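> Just the structure for this:
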Amino acid sequence: MSAPQPDLQPNIRHYGDHAVLVEWNVDGFDAAVSDQVHALAARLRKTDLFIEVMPGYDSLVASFDGARMSVGAATRKVEDAMVRESRSETAAAGRLVNIPVTYGGADGPDLIAMAEHIGKTPEEVISLHSEPEYRVCMMGFIPGFAFLSEVDPILQHPRHATPRAVVPAGSVGIANWQTGIYGLESPGGWQIIGRTELDMFDATRKKPFLVEAGDRIRFVPK
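The predicted structure is shown next:
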């Protein structure tokens, strides 16, 4: 028997007095849901009615100026955008960004242990991790941190039981089915397999964030 398909019809509800929350009922990453999230985000941004549109893996928050629009009106705008959204908009919205990565060594202290745990060589882990094209699904928990779409099932690995006190900016890691890039130096429990020298976040740039939700990333081993 095949696995049940996720419910691609989301729930819409008020998120305080000045935001609308759209949630899809899925467990983990689902590519079709991610398409819907980012297509909706692209359409809502084009309306210029919302102050900020924040997509996630399986949800989206759209905030608005309560002096210009009521919660009910904002909800209707979201519902109307959902009726007219299309996947083609999602593909057009994102850029493809190549991220050079130094895998292993001091930049990837968990690479060898992960390779041994899954019965692969470090070179095979690097190949498996760098081969796919990933979507930037959401940004957080620190400025510039890019949460990406799922890694190959072979590479899925739990977080460290005890987080590191310091993870360098640019570190590339895996946590369960996710892969991501640290935007700034911070504590963290992800399995670190490499690092990029690119500045994922720089407050002095005109555009501080190197990538945004909806963009695509390809890792390029150095």
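> in the chain, which spans are strands?
With DSSP state E as the criterion, the chain has strands at 7-14, 19-25, 52-55, 59-63, 96-103, 134-139, 146-148, 164-167, 171-175, 178-181, 186-188, 191-195, 216-221.
> how does this protein divide into domains?
For the chain, the structural domains run 7-92, 96-221, going by automatic domain parsing.
> a markdown table please, covering these and showing mean neighbour count and mean pLDDT.
Any C-beta I mention is one placed from the backbone N, CA and C, and that applies to glycine too. Output for those, formatted as a markdown table (neighbours: other C-beta atoms under 10 Å; pLDDT from 0 to 100):
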| stretch | mean neighbour count | mean pLDDT |
| --- | --- | --- |
| domain 7-92 | 17 | 84 |
| domain 96-221 | 18 | 95 |
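> Tell me the gap between stretch 51-64 and the middle of its chain.
13 Å (C-alpha atoms, centre = their mean, to the nearest Å).
> can you pull the contacts of the spatially most central residue of the chain?
In the chain, the centroid-proximal residue (C-alpha atoms, centre = their mean) is Cys137; its distance is 2.6 Å. Counting by C-beta atoms under 8 Å, 6 or more residues apart in numbering, Cys137 makes contact with Phe29, Ser34, Val37, Pro55, Gly56, Tyr57, Phe147, Leu148, Ser149, Ala213.
> so where's the longest helix in this protein?
In the chain, with assignment by DSSP state H, the single longest helix is helix 31-47.
> What is it packed up against?
Helix 31-47 sits against strand 7-14, strand 19-25, strand 52-55, strand 59-63, helix 71-84, helix 87-93, strand 134-139, with contacts defined as 3 or more C-beta pairs under 8 Å, 6 or more residues apart in numbering; DSSP states H and E.
> rerun at 6 Å
strand 52-55, strand 59-63, helix 71-84, helix 87-93 (3 or more C-beta pairs under 6 Å, 6 or more residues apart in numbering; DSSP states H and E).
> distance between it and the chain's centre?
Distance of helix 31-47 from its chain centroid, counting by C-alpha atoms, centre = their mean, is 13 Å.
> Ok, stretch 98-105 next?
19 Å.
> And stretch 137-144, by the same measure?
That offset, for stretch 137-144, works out to 7 Å (C-alpha atoms, centre = their mean).
> Find me the pLDDT at Pro4, would you?
With respect to pLDDT, Pro4 scores 43.
> just to revisit the earlier point, any idea how far Arg76 is from the residue nearest to the centre of the chain?
27 Å (C-beta to C-beta, to the nearest Å).
> same check, this time on Glu23
Taking C-beta to C-beta as the measure, Glu23 falls 18 Å from Arg76.
> just Glu133 next, same as before
36 Å.
> wait, what's in contact with the residue lying farthest from the centre of the chain?
Of all residues in the chain, Ala67 has its C-alpha farthest from the mean position, at 31.6 Å, by C-alpha atoms, centre = their mean. For Ala67, the contact set (C-beta atoms under 6 Å, 6 or more residues apart in numbering) is empty.
> Can you tell me which of the contacts of Cys137 is closest to Tyr182?
Phe147 (10.9 Å; C-beta to C-beta).
> quick one: that closest one from Gly94, how far?
In terms of C-beta to C-beta, Phe147 sits 14 Å off from Gly94.
> what's the answer for Tyr15, then?
25 Å.
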